[in-house]
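K.L.:
The following block contains a protein sequence and its predicted model.
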Amino acid sequence: MNKRSGDSRKKGFSKNIRGQVWVETVIYLLIAFVMMALVLSYIRPKIEELRDKAIIEQSLEIVKSIDNLIITIGSPGNKRLIEVGINKGSLIIDAPNDKIIFEMESNYMYTEPGKTVEIGKISAITEKIGTTNKITLTRDFGDEYNITYKGEETIKTLSTISASYNLFLTNEGESLNKIVIDFDTE
């Protein structure tokens, strides 16, 4: 009888060890998942902020390129093409006010909230809206140029798309001592 009772103790002991190994494995996996979730909850917003910063810098370059194209367009009748990719936010051709505006909502704070910062001829401002920020980049052409969209004093908004916009700028000559620059998308 001693042999049989000893055998049953070994079997029971073996089952307890296997059960303990599975419990420990599950606990370790849960701890690992919790740690990964904590790391991701911290890193993900930082990654989104860095992505938004890159988008803002890219959009600033687009506005600078449009500005440079308008300045160098040349004589009346000249037409230039610029490809504009908008990954986030919107580019606004504000013809009634002769402005080009880029707007985007983000968790990233590009400038100090409420204060306008001049970047060359472009004004940048960050406005706090709830938990997010509205970043606005504006180039005002009102002193030198009359901006139109398809020959009209209208507002055109170019929103986020996967492809690029083909934006055509045409020097339409002079009117009321300002050079008329007409925008068109095709």
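P.N.:
The structure has been received and is ready for your questions. Keep in mind that what you see is a predicted model, and the values were worked out from it rather than measured.
K.L.:
pLDDT of the helix or strand Lys46 falls within, averaged?
P.N.:
Here Lys46, judged by DSSP states H and E, is contained in helix 2-71. Averaging pLDDT along helix 2-71 yields 81.
K.L.:
ok, then the element right after it?
P.N.:
Where DSSP H and E defines the elements, the next helix or strand beyond helix 2-71 is strand 79-85.
K.L.:
Just the angle for that next one relative to helix 2-71, thanks.
P.N.:
For strand 79-85 and helix 2-71, the angle between their directions (axes from the mean of the first three to the mean of the last three Cα atoms, to 10 degrees) works out to 160 degrees.
K.L.:
Which residues does strand 79-85 contact?
P.N.:
Applying Cβ atoms under 8 Å, 6 or more residues apart in numbering, the set of residues contacting strand 79-85 from outside is 58, 62, 65-66, 69, 73, 91, 158, 163-171. Using the backbone N, CA and C atoms, a C-beta is placed for each residue, glycine as well.
K.L.:
Apply 6 Å and report the result again.
P.N.:
Contact with strand 79-85 is made by Ile62, Leu69, Ile73, Ser164, Tyr165, Leu167, Phe168, Leu169, Thr170, as judged by Cβ atoms under 6 Å, 6 or more residues apart in numbering.
K.L.:
Adding neighbour count, write those residues out as a markdown table.
P.N.:
As requested, these are arranged in a markdown table below (neighbours: other Cβ atoms under 10 Å):
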| residue | neighbour count |
| --- | --- |
| Ile62 | 19 |
| Leu69 | 15 |
| Ile73 | 18 |
| Ser164 | 11 |
| Tyr165 | 16 |
| Leu167 | 22 |
| Phe168 | 14 |
| Leu169 | 19 |
| Thr170 | 18 |
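K.L.:
Name the residues linked to Pro113 by a beta bridge.
P.N.:
Beta-bridge partners for Pro113, by DSSP bridges, are Thr126.
K.L.:
Make a markdown table out of the contacts of strand 79-85 and add distance to Ile181.
P.N.:
Below are the contacts of strand 79-85 laid out as a markdown table (distance: Cβ to Cβ, whole Å):
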| residue | distance to Ile181 |
| --- | --- |
| Ile62 | 16 |
| Leu69 | 9 |
| Ile73 | 7 |
| Ser164 | 20 |
| Tyr165 | 16 |
| Leu167 | 11 |
| Phe168 | 11 |
| Leu169 | 6 |
| Thr170 | 7 |
